[in-house]
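[1] Attaching a predicted model along with its sequence, questions to come.
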Amino acid sequence: MFRSREDAAFQLVQKLKGRSLQQALVLAIPRGGVSVGAILAQELGAELDVVLSRKLHAPGQPELAIGAVGEGGRVYLNDYARELQDQAQDYIAEETQQQLAEIERRKMLFRNVRPPASIEGRSVIVTDDGIATGSTMIAALQTAKLRDPHEIIVAVPVVSPERIPEIRRWCDDLIYLFAPEEFWAIGQFYEDFSQIADDEVVALLRQAKSIPQAEIRGEDPSRSRGPKSGRANPSFSRPAPGP
């Protein structure tokens, strides 16, 4: 059980530290994944960006995912959706358009703060606060793979064990803390699983953007030209040890 997304991120980053990464970039899936991703990026000295994907809801069962769509419009359908596809083609098409509209809304909001980062040739860490059906993660991975990264690493605090083989198909490595057999929902593994608002995501992106790019690349800031910036370096407080 994690106290919060931040607590989970500080534990998760220990599995990534010391790993050889090429111009590391953390791609977080909004909204909850950005709370995790911001800490991973800070602790690894990596750049932070978002990758947008949205769950496609089952007819009459909004909590059940039948797949997901990424920001490029590419759709991933899981096995349940494939069974429905012949009977529910119109529904799937309509649901896809609704979720693409929400992706566009978020893109306008988040990209106003953070233009898309370059992915080509980089070590890309894709993160979220957990993986249940895996649909939104796979849609995000499809989007990232099209931009020719050096490698894609999926890093999450908790994952449904049933989804591990499918996730591994879409990435170079999968890193996680827990894969419990009794998995009902991601929130069951967090004491605080409060919903993250858009303005919180914007604030985290703005903080990450304020980190000098020389620091992200591991360069000596004293060698950069121009006067020193007076901006404070954003930081997160580590959670107190548990009982």
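    Arrived safely, thanks for sending. Numbers count the residues shown, from 1 in each chain.

[2] Low-confidence stretches in the chain?
    The chain contains residues with pLDDT under 70 at 81-87, 210-243.

[3] buried stuff in the helix or strand hosting residue 105?
    Residue 105 is part of helix 89-111, with elements assigned from DSSP states H and E. By neighbour count on 16 or more other Cβ atoms under 10 Å, the buried set for helix 89-111 is 91, 92, 95, 96, 99, 100, 103, 106, 110. All C-beta atoms are positioned from the backbone trio N, CA, C, and that covers glycine.

[4] TSV please, covering the residues you listed and showing distance to residue 191.
    Formatted as TSV, these follow (distance: Cβ to Cβ, whole Å):
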residue	distance to residue 191
91	37
92	36
95	32
96	35
99	30
100	34
103	30
106	27
110	28
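
[5] Can you show me the helices along the protein?
    5-13, 32-44, 79-84, 89-111, 135-145, 164-168, 198-209, 213-216 (DSSP state H).

[6] of all those helices, which lies closest to residue 23?
    Residue 23 lies closest to helix 213-216 among the helices of the chain, at 8.2 Å (Cβ to Cβ).

[7] Please name the residues that touch the most centrally placed residue in the chain.
    In the chain, the residue lying closest to the centroid (Cα atoms, centre = their mean) is residue 28, at 2.5 Å. Neighbour list for residue 28: 34, 36, 37, 38, 48, 49, 50, 51, 126, 127, 128 [criterion: Cβ atoms under 8 Å, 6 or more residues apart in numbering].

[8] Please name the nearest non-neighbouring residue to it.
    residue 37 (2.8 Å; Cβ to Cβ, 6 or more residues apart in numbering).

[9] And the residue nearest to the centre of the chain, how close does it get to residue 142?
    Counting by Cβ to Cβ, to the nearest Å, the gap from residue 28 to residue 142 is 16 Å.

[10] How about residue 131?
    15 Å.

[11] who's more crowded, the two?
    Of the pair residue 131 and residue 142, residue 131 is the one with more neighbours under other Cβ atoms under 10 Å, namely 26 against 19.

[12] doesn't residue 158 make contact with that one?
    Yes - look at residue 131 against residue 158 with Cβ atoms under 8 Å: they come within range, at 7.4 Å.

[13] which neighbours do the two share?
    What both residue 131 and residue 158 touch, as defined by Cβ under 8 Å, 6+ apart, is the set 176, 186.

[14] what does stretch 160-176 contact?
    Residues contacting stretch 160-176 (Cβ under 8 Å, 6+ apart): 12, 15-16, 126, 131-134, 137-138, 141-142, 145, 151-159, 179-181, 183.

[15] Now the buried members of the contacts of residue 28.
    34, 36, 37, 38, 48, 49, 50, 51, 126, 127, 128.

[16] Report the strands that pair with the strand ranked longest in the chain, each with its relative direction.
    Longest strand of the chain, by residue count under DSSP state E: strand 61-70. Counting by DSSP bridges, the strands paired with strand 61-70 are strand 53-58 (antiparallel), strand 75-77 (antiparallel).

[17] Rebuild these as JSON lines, extending it with distance to residue 196 and mean neighbour count.
    Below are the strands paired with strand 61-70 laid out as JSON lines (distance: least, Cβ to Cβ, whole Å; neighbours: other Cβ atoms under 10 Å):
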{"stretch": "strand 53-58", "distance to residue 196": "15", "mean neighbour count": "22"}
{"stretch": "strand 75-77", "distance to residue 196": "23", "mean neighbour count": "21"}
